[in-house]
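Participant: mind looking at a prediction? Sequence and model below.
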Amino acid sequence: MSKDYENSTFKELLDKLQQESWQLELLISGFAIFGLFSATEPIGIKLEIAEHSQHLAETLIWFAAKICCWILISNLLIHVILRGLWIGALGLRYVSGDIDYDVLKYSPKFTKYLQRKIGSFDKYIATLEDYCSVLFAVSFLFVFYFLASFAFVVFLLMIALVFLDNDASGSVERILEITGITLIVFTLIGMFLTFVDFITQGFLKRKKWTTFFYFPIYRIFSIITLSFLYRPLVYNLLDNKFGKKLSFVLVPVYVLILYLFTHSYIDSNYIKVDRNSSTYYANPGNYEDLIVKENDFINVATIPSKVITDSYMKVFMIFNENVEERLFSFNPGLKPKEDRRGLKSEVVFSNNFNGEELRKRDSLRLVYYKTFNDIHKVSIDGKKQETTFITSTTKNKKLGFETYINIDTLKEGKHLLKISRKYINKKKDTVRNILVSIPFWKFNTDK
């Protein structure tokens, strides 16, 4: 079977399929567009959840999936439109045949111009056919191009996390830093040369003097960019003048589309939708009763509602990994020798914790809560409130910390709740930073 491609019968079959491929193209494009449109919303929700939870690995995965979906949707929609135009042109040719410029009875100047610019109707149909066929293949090729660029970024992040962001000290730390910086510099140089070779469509592969140093870089980065998966498509496109032209046209089109999507209409010079609540803006992400959908997220902290009628009020703070890092910076003794955070399998083959280690973790848990309560402060209208945060979860199983505040003595009307925390700045000074400001209204209903 591996030698079938050399058989003349197999080549005849390919030629026949090539002529009839438009039916498969339309069928695949239709199903793909429907499936991709159906997938974009759940992928977008997963991306928002990962971003809000500050999970880097999940964020990168869902971001790549979302971009790939939109690349395919954009290309396949253009392909379906052009293929529909091609079918319409075929139907018109069946009825009207070729363009008869004599019947139009235009002046000689216009007739010569139109004959030169338009030519025959068959040429127009053939051009549409070329665009449709190449665009269908390029749709998937552009996904691979994006994944190649994405792989570069992930590779750099991996180098930074492994070699630069580590807990080593002394000479080991220095060796890791030098190794990491060397790998980053090599990667950046390789990225630049690969990009130059891509833009120039193989200039570095044509010259003997560039081949000497570029060939080993090409071999290494072909693995990083996964180009071995799509290399035949690339070179088959580049050896065709029409394919080169189309690939150059599509890149600025994508840039223009991205630029247009950055525009939005501004309604006012003074008011706008903001990410953070303040004295003058109430973000829905700070009120429990307004968080109803899966992609409605808690913005640092929540209170039950904008209007509070009870004599007490719950305050909930969302948990993320940065919270724990801040606690470690204030109390280094909390940081365990073995960090259990991150993506882990639920299948456990052995338990490395003995009874003493478990008791130590239990005792440190009390210190953990004490440290959290020490560095966080809740105030209403500038007056500090007595709080004791404990662990809790929301209705949709989001982990965090909650406490209850007595507001029985508050006057009716608008109030501003603020949550601040201590942090250590670059000068090693301990200062306070406002995490969130939440406006609310207090009213008594028992009058």
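Facilitator: Now that the structure is in, tell me what you want to look at.
Participant: and the strands in the stretch 51-200 of the chain?
Facilitator: Ranges of strands within the stretch 51-200 of the chain: none, based on DSSP state E, counting those that start in this stretch.
Participant: what segments of the stretch 151-300 of the chain are helices?
Facilitator: Ranges of helices in the stretch 151-300 of the chain, per DSSP state H, counting those that start in this stretch, are 170-199, 203-206, 208-224, 231-238, 241-261.
Participant: kindly report the same for the stretch 301-447 of the chain.
Facilitator: Under the criterion DSSP H, counting those that start in this stretch, the stretch 301-447 of the chain contains helices at 321-330, 355-375.
Participant: ranking these by burial, who's on top?
Facilitator: The highest average neighbour count among these, using mean count of other C-beta atoms under 10 Å, belongs to helix 321-330 at a mean of 15. C-beta: built from backbone N, CA, C; applies to glycine.
Participant: elements contacting that helix?
Facilitator: Other helices and strands packing on helix 321-330, by 3 or more C-beta pairs under 8 Å, 6 or more residues apart in numbering; DSSP states H and E, are helix 355-375, strand 413-424.
Participant: for residue 332, find the nearest of the helices of the stretch 151-300 of the chain.
Facilitator: Of all the helices of the stretch 151-300 of the chain, it is helix 170-199 that lies closest to residue 332, at 16.8 Å by C-beta to C-beta.
Participant: which positions in that closest one come out as buried?
Facilitator: By 16 or more other C-beta atoms under 10 Å, the buried positions in helix 170-199 come out as 176, 180, 183-184, 187, 190-191, 193-194, 197.
Participant: tell me which strands and helices that helix is in contact with?
Facilitator: Contacts defined by 3+ C-beta pairs under 8 Å, 6+ apart place helix 170-199 against helix 121-159, helix 203-206, helix 208-224.
Participant: on that earlier part again, mind putting the helices of the stretch 151-300 of the chain into a markdown table with distance to residue 115 and mean pLDDT?
Facilitator: Shown next, in a markdown table, are the helices of the stretch 151-300 of the chain (distance: least, C-beta to C-beta, whole Å; pLDDT from 0 to 100):
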| stretch | distance to residue 115 | mean pLDDT |
| --- | --- | --- |
| helix 170-199 | 37 | 82 |
| helix 203-206 | 38 | 81 |
| helix 208-224 | 45 | 82 |
| helix 231-238 | 31 | 75 |
| helix 241-261 | 22 | 69 |
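Participant: what's the closest of the ones you listed to residue 64?
Facilitator: Across the helices of the stretch 151-300 of the chain, closest to residue 64 is helix 208-224 (C-beta to C-beta), at 15.0 Å.
Participant: relative to helix 170-199, how tilted is the closest one?
Facilitator: Put simply, helix 208-224 runs at 110 degrees to helix 170-199, going by axes from the mean of the first three to the mean of the last three C-alpha atoms, to 10 degrees.
Participant: numbering from 5 from now on, please.
Facilitator: Understood, numbering begins at 5; the last thing we discussed is helix 212-228.
Participant: dump the helices and strands packed on helix 325-334 to a markdown table, plus distance to residue 32 and mean pLDDT.
Facilitator: Shown next, in a markdown table, are those (distance: least, C-beta to C-beta, whole Å; pLDDT from 0 to 100):
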| stretch | distance to residue 32 | mean pLDDT |
| --- | --- | --- |
| helix 359-379 | 54 | 79 |
| strand 417-428 | 53 | 90 |
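Participant: can you redo these as JSON lines with distance to residue 267?
Facilitator: Shown next, in JSON lines, are the helices and strands packed on helix 325-334 (distance: least, C-beta to C-beta, whole Å):
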{"stretch": "helix 359-379", "distance to residue 267": "42"}
{"stretch": "strand 417-428", "distance to residue 267": "34"}
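Participant: closest one to residue 164 among those?
Facilitator: When those are compared by C-beta to C-beta, strand 417-428 sits nearest residue 164, at 22.3 Å.
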